[in-house]
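S.K.: I would like the atomic coordinates for the input below:
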Amino acid sequence: MKLVELFIQGKSDTKNCEDGYFISDNFVAVIDGVTSKSDFRYEGKTTGKLAEDAVRKAVSALPRNASMQQFVKAVNDEIAAFYSQIDFPYDRREKGLQAVCAAYSDHLRQVWLIGDCQAMIDGRLYTNPKKSDEVLSEMRSLILNVLLCGGESKLPSQSQQKMAREVIEPWILRSNCFANGMGSEYNYAVFNGCDIPAELIQVIQLDEGQHEIVLASDGYPELRQNLQASETCLKKILSDDPACYRQYHSTKGVSSEQTSFDDRTYIRFLI
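M.R.: As a prediction, the model looks like this:
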C-alpha cells in the first residue's frame, strides 16, 4: 500500500474532533464518532470521541487475516469494556458511544462500509446513507424555508437554525431504535456495542490488480478523487449555503464558532 493523501479537520477545533483514522501495513480505516447528544464527558472526551477511540484501538489490535465479523466483535468488546468501568447516566442506545467506519483489509482486499462513511475506488463512489438522517435533513430544510418564506433573506439566523434543530433532534434520538436492526427500510449499521447484521454492512471486494482507494467520513458532502477537489467542493457549499438547507441538506448547519457542519477525514492510497 502507498499513502497518497491524508487530511483530518475538526468542525471547530482539533481538540474536539470526533473523527479519527488508523493506518498500518494491514488496515486503513477512517472512523467517524457520531456527534454526541449529551453533555457526558469521560476524561474530557465526548461519547463520539470515546467511540472513535474504541474503534481505533480495536483495529490496531486485529490480526492481519481478521474478518469483518471479527472487526465488529473487537469493537463491541472495547465498547463493552468501557461501559463496565463506569456508570453511564443516559440511555445507551440514544446517547451512548456510537461510531461508523470505512475500512480496508489488505489481506482480504476488501473495503468495509460500516455506517455512513464513504469510499471511492478507481473513481467509483460507494456510500451507505442513513435514511432517517435524509428524511430529517429534508424536514429541517422545510422548517427553515417556511421560516424564511416571503422574506428577503435567504440565510437563516442562528436562532432559526437552533429552533429547526430542536424540532428534529428528538426524532434523531428516537430513530436510534433502527440501529443494527432488521426488517425496516430505516435500519442502519453503527458501532454501539450491539451485534451488526452483515446485511447492513457494505463489503466491496477488489481483485488483485492495482487500485486507487479513497476513504472518507461524511464531512464531505460530495467526495472527489483527490483532496483538493473534495475541499473545493465543500468550500463552495459552505460559502453558498452555510446553513446547509438549500444546496446541501443536513441535520445541522455551520454555527458561528465552526468552520464546517461536521468533522472530516480523507485518506487516498494505492494498492
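S.K.: ok, the residue nearest to the spatial centre of the chain to residue 52 distance?
M.R.: Among the residues of the chain, the smallest C-alpha distance to the mean C-alpha position (C-alpha atoms, centre = their mean) belongs to residue 32, namely 4.1 Å. Look at residue 32 and residue 52: by C-beta to C-beta, to the nearest Å, they are 7 Å apart. From N, CA and C alone the C-beta is placed, and that goes for glycine too.
S.K.: re earlier: for burial, what's the neighbour tally of the residue nearest to the residue nearest to the centre of the chain when sequence neighbours are not counted?
M.R.: Nearest non-adjacent residue to residue 32, counting by C-beta to C-beta, 6 or more residues apart in numbering: residue 217, 4.1 Å away. Under the neighbour criterion other C-beta atoms under 10 Å, residue 217 is assigned a count of 28.
S.K.: shouldn't residue 217 be in contact with residue 261?
M.R.: No - Residue 217 lies out of contact with residue 261 (C-beta atoms under 8 Å); the separation is 11.9 Å.
S.K.: Which residues are in contact with each of those two?
M.R.: Here residue 217 and residue 261 share no contacting residue, scored by C-beta atoms under 8 Å, 6 or more residues apart in numbering.
S.K.: where exactly do the strands run in the stretch 1-150 of the chain?
M.R.: Using DSSP state E, counting those that start in this stretch, the strands assigned to the stretch 1-150 of the chain run over residues 2-9, 19-23, 27-33, 99-105, 110-114, 118-121, 124-127.
S.K.: what residues does the last one touch?
M.R.: Same thing as strand 124-127. Contacts made with strand 124-127 from outside it, assessed by C-beta under 8 Å, 6+ apart, are listed as 111, 113, 116, 118, 119, 120, 202, 204, 223.
S.K.: Quick one: residues contacting residue 234.
M.R.: Counting by C-beta under 8 Å, 6+ apart, residue 234 makes contact with 219, 220, 221, 222, 260, 264.
S.K.: which of these are buried?
M.R.: In the contacts of residue 234, burial by neighbour count holds for 219, 220, 221, 260, 264, counting by 16 or more other C-beta atoms under 10 Å.
S.K.: In a strand, the first one, correct?
M.R.: The one in question is residue 219. No - assessed with DSSP: H, G, I helix; E, B strand; the rest coil, residue 219 is coil; it does not lie in a strand.
S.K.: That one reaches residue 265, doesn't it?
M.R.: Yes - contact between residue 219 and residue 265 holds when scored by C-beta under 8 Å: they sit 7.1 Å apart.
S.K.: Between these two, which contacts overlap?
M.R.: Where contact means C-beta under 8 Å, 6+ apart, the residues bridging residue 219 and residue 265 through contact with each are 9, 19, 32.
S.K.: Isn't residue 207 up against residue 122?
M.R.: No - at 10.8 Å, residue 207 does not count as touching residue 122 under the criterion of C-beta under 8 Å.
S.K.: Who has more neighbours out of those two?
M.R.: With neighbours defined as other C-beta under 10 Å, residue 207 and residue 122 compare such that residue 122 has more, 12 against 7.
S.K.: which phi and psi does that one have?
M.R.: Here the main-chain torsion angles of residue 122 (degrees, to the nearest 10) amount to phi 50, psi 40.
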